[in-house]
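>>> Here is the input, now give the coordinates:
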Amino acid sequence: MSSTNNSTRATPSPLTTNGIPPKSTTGIIPTNNVTTKAGVTVRARIDPTLTVEDVVRQLCLNLKVAEPYTNLALRDRDTEELITNENLRKKIKNKVHLKLVNSSAIEAAGIIEKLGRRDEKSLRMSLFSLQKFIKEEKFAQEFLDRDGLRELVDVIDSAHGNTLAYALTAMQNLMDLDYGWSTLDDSFISKVVQILSSPNSLINVCRPATAILKKLVEADPANVVGPIIASSSRTPPVAPPGSVYRYGFQSVYEQMRRQKGSLETVVSRLGSPDTAMAQHRQVHWISLFMMLINSLLSHVNDTYWDEFIADLERLNVRKAAIRLMSSHVDDLTSCVLDFQANIVRVTYKKKITVVEPEVELAHLSALHYIWECSGVQEELDSEGQPLKWRKLGFDSENIMEEFQDAGVLGLDCLVNFVQDDPDFFSKVILEQLSRPQERRCPVAKASNEIVELLSQHWTIFAPAYSTSTFQPFLLNFPKVHCLALHFFLRMWNESASSADDFGRISALTRSEIKVALQQESTRPWHEVEHDFLECEYRAVRDRQMLELEAGDDLLSKVPVRNLKEKLMRESAEFVRQQRIHCLLQGAWFLNGVPTQHTGSARRPNGQWRFMRLDTGLKYLHYVDSPAKFDVRNGTEDLPERIEIAAISQITTGTCAPLPNLARDHPDLSTSLSPSPLSFSLLSGGGESLADQIATDQSRWADWTDGLNMLRRDSGHVTSEETAGYIKALTEIGLKIKLLDLSGEKVDIPSGLVAGPPPTNTDFFFSDLL
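Numbers count the residues shown, from 1 in each chain. Predicted structure coming up:
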């Protein structure tokens, strides 16, 4: 701060009674109004080169404040934002009205004292302030240094109603920091699970409780930033002492197992939102529960994988997700697409998991159920070898080998087919056994073939990213498999096929799958059933002939399909790097107004915002401005930032242009309807971190998909443009590879048979190609 007296650096002048400042006698123009704790407002010229501590000290000196300056701090009078060395210049430039308040240390000590009293009225007011102040790192550090975390946990353990909601929200905000809460133990996690499981818990209580559990799940040692303690390949990584990354899936799920009905309560709250509530709190509530399930799915470890997935299947979470798909609520799109991507990963893992009846009791039990329902007896063949599984349509008696490609997914689908109608299954098996050997339909082999065809249709082999559209039939994988297997059996019978026709019937089924599952996001289920169960063999055959004339049978061969899988993964990674590169370059966006209340923490200072991702991929730096300007490389021109880890959801079509933009941008709608090029970044608590409108479709696709690809628990792309790029790159790469082969006149076999293993170990692998 400056003045005419060189010995001091502030000459604040009081306002007159009518609020008009007296004429300056020094000729120095004040920069900001400052209100003291006593309510006196003065005008002062603040030197932007000073630190906040120096500014407070000079103010106290010139205003003759008796209280030590170390007990005071500055805040924005309108937004209550704490003034720090980082934002001081900006506040001076914008002539923000400041006020002198208690320092973070004093506030923290006072709140902790009131937390210990347990007086309901003062406790509630203190918690209300705490949930706001705890977001400030300086206050949080003071709060933690005074053992405030223990006091807050004690309050959560005994509070109820709105008091409990405020306490949980304060804890949620504290856990946005990556330090300070590593002492939370199993009893605290159990208490939060208990709160969430209670049918009497209010929405404002369940919201922060859900966010806390989600944060604990994501605080996995595998996600720790920086070095981790070395561990063997058989044990999970261990976080360093004091790190908050010491929890993870196991810590939360074990408490949910102990709390009977907790997972059931979470799933039951995924009901489709009522019309009256669709745009308000219930949607956000459902979104939080879905995000918790997504976090659990993303971080489940091998120890609990089978049990957790079985729990979700038992509770029919897929059906709940399909209902949400049909609710047409835009705010739920992102979390439902994340769930869909997680189901792709689950399906893929099942497909690559080996069936081992001699090791896994569940596999043995499933095979036993299939055999018992078949109604046939084990025999010996003409060579005296056991004849059991070949009776059901397998090629051999080696079950591990028969399920080598379909894995546990194939076993589950066959069990589901049997369960759907055990009498029909037995009838089909007995009917095939009554026919000559060459005329029998290999039912079990056909089941695994259907699994392979559906996996190719939904690109289960490339689970890195899901599509940008809803795929409700994918979530009904077992039901679609059942329909397709019925279709296979019917085509076999109607065409009087023999063993040599297996490939031909498989091709017919592939064609039918492609047609029946088209336009999946909008097609009703009854039409899918009709296509599989009612279509005639001749019509399917005629359609397939037309497809063969326009296509190439080469694409159906196994080596080519495997090549396509590899190229799909490479294309997805290439597009991911391209999208992230766009974020690193940065771009200008229009600031938007949310069409629904999202609890936005701050108002933008201009109609434009420039955003850029830092090279460490940890923060999104930005600056607001009334007009575009040339932004230098780096982050020097970008004073504000958003932590990528704080972004829990990217929603699209959520905000409208600012009202005053119609004059400068006549192409934008003047109504409050959301722009199709808008998107919002939401925190775990549902607060909007940013509401932006892209200037064109390409920029919208680059940023929404790029930000989704950065998130740990995301697995979907938002735009058709990105999905189209991945598909186009895959097809171009495949054609180039196939042109190389066709130019060399290389014959591609339908499959490869591994040769016998070496007879001894007297050999080595050469380094030469």
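>>> Would you state the helices of the stretch 251-400 of the chain in chain order?
262-268, 281-299, 305-314, 317-325, 333-352, 361-374, 399-402 (DSSP state H, counting those that start in this stretch).
>>> Kindly format the C-alpha coordinates of the first one as PDB.
Read that as helix 262-268. Output in PDB follows, covering the C-alpha atoms of helix 262-268 (Å, rounded to 0.1, in the frame of the first residue of the first chain):
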ATOM      1  CA  SER A 262     -26.100 -51.800   2.700                       C
ATOM      2  CA  LEU A 263     -25.500 -52.700  -0.900                       C
ATOM      3  CA  GLU A 264     -29.100 -53.600  -1.300                       C
ATOM      4  CA  THR A 265     -30.100 -50.100  -0.100                       C
ATOM      5  CA  VAL A 266     -27.700 -48.400  -2.500                       C
ATOM      6  CA  VAL A 267     -29.100 -50.300  -5.500                       C
ATOM      7  CA  SER A 268     -32.700 -49.800  -4.400                       C
END
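>>> Tell me the confidence at residue 335?
On pLDDT, residue 335 comes in at 87.
>>> need the contact list for it.
Listed by Cβ atoms under 8 Å, 6 or more residues apart in numbering, the contact set of residue 335 reads 287, 290, 291, 294, 649. In this view, the C-beta of every residue, glycine as well, is placed from N, C-alpha and C.
>>> thinking again about what came up before, out of the helices of the stretch 251-400 of the chain, flag the one nearest residue 103.
helix 281-299 (34.5 Å; Cβ to Cβ).
>>> For the closest one, name the packing helices and strands.
helix 203-218, helix 249-258, helix 262-268, helix 305-314, helix 317-325, helix 333-352 (3 or more Cβ pairs under 8 Å, 6 or more residues apart in numbering; DSSP states H and E).
>>> Between helix 333-352 and that helix, find me the angle.
If you take axes from the mean of the first three to the mean of the last three Cα atoms, to 10 degrees, helix 281-299 sits at 30 degrees to helix 333-352.
>>> Next, the angle helix 305-314 makes with helix 281-299.
Going by the same axes, to 10 degrees, helix 281-299 makes 150 degrees with helix 305-314.
>>> And the average pLDDT for helix 281-299 is what?
The predicted model assigns helix 281-299 a mean pLDDT of 84.
>>> Helix 317-325 and that one, what's the angle between them?
Helix 281-299 runs at 140 degrees relative to helix 317-325, counting by the same axes, to 10 degrees.
>>> so how far is residue 578 from residue 612?
As judged by Cβ to Cβ, to the nearest Å, residue 612 and residue 578 stand 16 Å apart.
>>> Comparing these two, which shows the higher neighbour count?
Taking other Cβ atoms under 10 Å, residue 612 and residue 578 do not tie; residue 612 has more neighbours (22 against 14).
>>> can I assume residue 650 sits in a strand?
Yes - checked against DSSP: H, G, I helix; E, B strand; the rest coil, residue 650 lies within a strand.
>>> What count of nearby residues applies to the closest residue to residue 643 other than its chain neighbours?
In this structure, residue 643 finds its nearest non-sequential neighbour in residue 619, 5.8 Å apart by Cβ to Cβ, 6 or more residues apart in numbering. Residue 619 is flanked by 19 other residues according to other Cβ under 10 Å.
>>> In contact with residue 619: list those residues for me.
Neighbours of residue 619 in contact, by Cβ under 8 Å, 6+ apart: 613, 641, 642, 643, 644.
>>> Check the gap between it and residue 642 for me.
7 Å.
>>> Then residue 618?
For residue 618, the distance to residue 642 - Cβ to Cβ - is 10 Å.
>>> you'd agree residue 617 is up against residue 710?
Yes - under the criterion of Cβ atoms under 8 Å, residue 617 makes contact with residue 710 at 6.4 Å.
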